[in-house]
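>>> A predicted structure for the sequence below; I have some questions about it.
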Amino acid sequence: MESESKIVLAFLFKRSGKNMLKESDIYLPLSLELGWFSSTQAQEFVKHALNEKLLIKKDDVVTPSFDVSAVDIPIGFQPSKHVSEQQHIPVKDQARKDKRSLIEQIVDNIVEKTGENKETIAVKISDMEKEKQIFSEVAALVVAREYDVDVDSFFERIEHIFFTENTK
């Protein structure tokens, strides 16, 4: 039997129809589109997959280290909680792991204010991130502004993430 991590990766690569993806093309669908993980857990899942050599990183893209077409994906597959628990989220992220991620909060804010579909917003954020080559949190703010949704309350938290958490 395949590991759940392999099945998750095979699912994402088969779904995309590509054999190379950016890391964000893995963690954004896992958190925003599919809702399987929080944003933090999805990013940790990618790190875990790289550490376990399930993914190979070259330049700005990752490829699976196994044949995704050989992996059977059960109908209605959803990963168990065990997949996210095995990632050993670092202690500094423990307080955040059960909370909604910043991106999820921004997306929810946009959906609440506009009535737009959550998946549509997630795709717009992902597209913006790729097109402008910016962080997903910043792309989420830009998309929110495009919908004329006030996001001033998120600025301090984003500043903290980029200038405090990422320097440790």
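Structure's in. What do you need?
>>> Please save the CA atoms from stretch 61-71 in PDB.
Extracted in PDB, the C-alpha atoms of stretch 61-71 (Å, rounded to 0.1, in the frame of the first residue of the first chain):
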ATOM      1  CA  VAL A  61      10.100  23.600  -9.300                       C
ATOM      2  CA  VAL A  62       9.500  20.200  -7.600                       C
ATOM      3  CA  THR A  63       9.000  16.900  -9.300                       C
ATOM      4  CA  PRO A  64       7.900  13.600  -7.700                       C
ATOM      5  CA  SER A  65      10.600  11.000  -7.200                       C
ATOM      6  CA  PHE A  66       8.100   8.300  -8.100                       C
ATOM      7  CA  ASP A  67       5.800   7.400 -11.000                       C
ATOM      8  CA  VAL A  68       2.500   9.200 -10.100                       C
ATOM      9  CA  SER A  69       0.700   7.200 -12.800                       C
ATOM     10  CA  ALA A  70       1.400   4.000 -10.900                       C
ATOM     11  CA  VAL A  71      -0.300   5.300  -7.700                       C
END
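>>> residues making contact with stretch 142-153?
106, 109-110, 113-114, 116, 121, 124-125, 128, 132, 134, 141 (C-beta atoms under 8 Å, 6 or more residues apart in numbering). Backbone N, C-alpha and C define where each C-beta goes, glycine included.
>>> try 6 Å this time
Stretch 142-153 has contacts (C-beta atoms under 6 Å, 6 or more residues apart in numbering) with Ile106, Ile110, Lys113, Thr114, Lys124, Ile125, Met128, Leu141.
>>> With stretch 128-135 instead?
Ser24, Ser136, Ala139, Val142, Val143.
>>> Make a ChimeraX selection of the buried ones in the residues you listed.
To isolate the buried members of those in ChimeraX, using 16 or more other C-beta atoms under 10 Å:
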select :24,136,139,143
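>>> Now render the contacts of stretch 128-135 as TSV, adding secondary structure.
Converted to TSV, those look like this (DSSP: H, G, I helix; E, B strand; the rest coil):
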residue	secondary structure
Ser24	helix
Ser136	helix
Ala139	helix
Val142	helix
Val143	helix
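>>> Format the CA atom coordinates belonging to the helix or strand hosting Gln43 as PDB.
Per DSSP states H and E: Gln43 is located in helix 39-51. Only the C-alpha atoms of helix 39-51 are listed here, as PDB (Å, rounded to 0.1, in the frame of the first residue of the first chain):
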ATOM      1  CA  SER A  39      -1.800  26.800   5.100                       C
ATOM      2  CA  THR A  40       1.000  26.200   7.600                       C
ATOM      3  CA  GLN A  41       0.400  22.400   7.600                       C
ATOM      4  CA  ALA A  42       0.400  22.400   3.800                       C
ATOM      5  CA  GLN A  43       3.700  24.200   3.600                       C
ATOM      6  CA  GLU A  44       5.100  21.800   6.200                       C
ATOM      7  CA  PHE A  45       3.700  18.900   4.200                       C
ATOM      8  CA  VAL A  46       5.800  20.100   1.200                       C
ATOM      9  CA  LYS A  47       8.900  20.400   3.400                       C
ATOM     10  CA  HIS A  48       8.200  16.900   4.700                       C
ATOM     11  CA  ALA A  49       7.900  15.500   1.200                       C
ATOM     12  CA  LEU A  50      11.200  17.100   0.200                       C
ATOM     13  CA  ASN A  51      12.900  15.700   3.400                       C
END
